[in-house]
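>>> let me see the structure of the following:
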Amino acid sequence: MNNILTDEHKACIKGTPFGWLLTVDRELQMRMMPVKKLCFRFIEKDCGFKIGSEVVSFTLLDVCVGLGLRICGQKVDIEKETSDGNLRSLFGSNRVNITMLYDELLKHVNDSVVVDFCKLYILLGLCEFFLPNTKDIVHSGLFSVVDNNLGDLCKYNWGAVVYQYLVRSLCEGVASAQKVSAPSDVYIVGCTYLLQVNSILSSKVLFYIVRNSF
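Residues are numbered from 1 along each chain as shown. Model (predicted):
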């Protein structure tokens with residue numbers, strides 16, 4: 001999607017907390033081995049990962065450092081039901097998914113109203129990268145937040161949203177893995193890429209994996 005953005009689009013998006021998305025010029029490659037190891041080593045009570053004899057903490061500050069999202073400001077309720085607004089009206093009464101967002105973006109890429117296109121782009125970025133889920137459904141509460149003035153996006157605590165969403169999924173994944181009849185695969189939703197962006201966390205888990213491979 002970044003390849004079709006105009007200079008006007010980019011300038012508009014750079015003024016939001018999600019300007020980092022513009023630097024993604026190819027499909028993100030996930031190193032699944034360390035991510036899978038981390039998921040099974042998450043210790044809920046310590047909110048960290050058991051790596052060898054240590055527990056490496058995973059905090060809200062990691063989101064700030066890794067993704068550049070602020071960790072203070074107004075709360076965002078991503079599950080809040082939204083039925084009105086310009087963005088929501090584009091999709092009628094249907095439940096919105098990622099494919100519908102892509103289709104709508106392609107329809108409006110050449111529109112003269114740059115801001116409206118950028119709102120769709122940011123909504124897509126939130127649902128594809130920061131807050132993805134297994135069903136590719138767009139979180140209803142994001143419509144009303146993104147539909148406001150784009151400059152107002154800076155006043156929200158996006159770091160907390162991303163962090164809590166991922167940690168909740170990790171906790172659920174650990175609980176599922178501990179069941180006797182648990183499947184071999186455990187699905188984690190949220191910004192799992194963040195687990196790799198955190199250089200300290202990634203280097204420690206990789207060191208542990210390599211050391212125990214011999």
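>>> list of residues touching stretch 88-98?
Applying Cβ atoms under 8 Å, 6 or more residues apart in numbering, the contact partners of stretch 88-98 are 82-83, 100, 104, 120, 124, 127-128, 135-138, 143-144, 147. C-betas here are computed from N, CA, C, even on glycine.
>>> list the buried residues of it.
Neighbour-count burial for stretch 88-98 flags 88, 90-91, 96, 98 (criterion: 16 or more other Cβ atoms under 10 Å).
>>> stretch 138-155 too?
Of the residues in stretch 138-155, those with enough neighbours to count as buried (16+ other Cβ under 10 Å) are 138-147, 150, 153.
>>> quick check: end-to-end length of that stretch?
21 Å (Cα to Cα, to the nearest Å).
>>> what does stretch 150-162 give?
Here the two ends of stretch 150-162 are set 19 Å apart, with distance taken as Cα to Cα.
>>> distance check, the residue positioned nearest the centre of the chain against Leu67.
Using Cα atoms, centre = their mean, the residue of the chain that lies closest to the mean C-alpha position is Phe130, 1.1 Å off. When distances are taken as Cβ to Cβ, to the nearest Å, Phe130 and Leu67 turn out to be 8 Å apart.
>>> which residues do these two both contact?
Common contact partners of Phe130 and Leu67 (Cβ under 8 Å, 6+ apart): 162, 191.
>>> any quick PyMOL command for the buried ones out of the contacts of stretch 88-98?
Remark: buried members of these, expressed as a PyMOL selection using 16+ other Cβ under 10 Å:
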select buried, resi 100+104+120+124+127+128+138+143+144+147
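>>> between the contacts of stretch 88-98, which is nearest Ile188?
Ranking the contacts of stretch 88-98 by separation from Ile188, with Cβ to Cβ as the measure, puts Lys135 on top at 14.3 Å.
>>> the closest residue to that closest one other than its chain neighbours bridge partners, please.
Residue nearest to Lys135 in three dimensions, not counting chain neighbours: Asn97, with 7.4 Å by Cβ to Cβ, 6 or more residues apart in numbering. Listed beta-bridge partners, Asn97: Ile137 (assigned using DSSP bridges).
>>> re earlier: helices - which of the buried residues of stretch 138-155 land there?
Cross-referencing the buried residues of stretch 138-155 with the helices (criterion: DSSP state H) gives 141-146 as the overlap.
>>> lowest pLDDT pick from these?
Lowest-confidence member of these: Ser144, scoring 89 (pLDDT).
>>> from Phe18, how far out is it?
17 Å.
>>> same question for Phe49.
Noted for Phe49: a distance of 27 Å to Phe18, by Cβ to Cβ.
>>> now the terminal residues of stretch 4-24, how far apart.
The separation between the terminal residues of stretch 4-24, taken as Cα to Cα, is 13 Å.
>>> name the surrounding residues that touch that stretch.
If you take Cβ under 8 Å, 6+ apart as the criterion, stretch 4-24 is touched by 2, 67-70, 109, 114-115, 117-118, 121-122, 125-126, 129-130, 150-151, 153-154, 156, 158.
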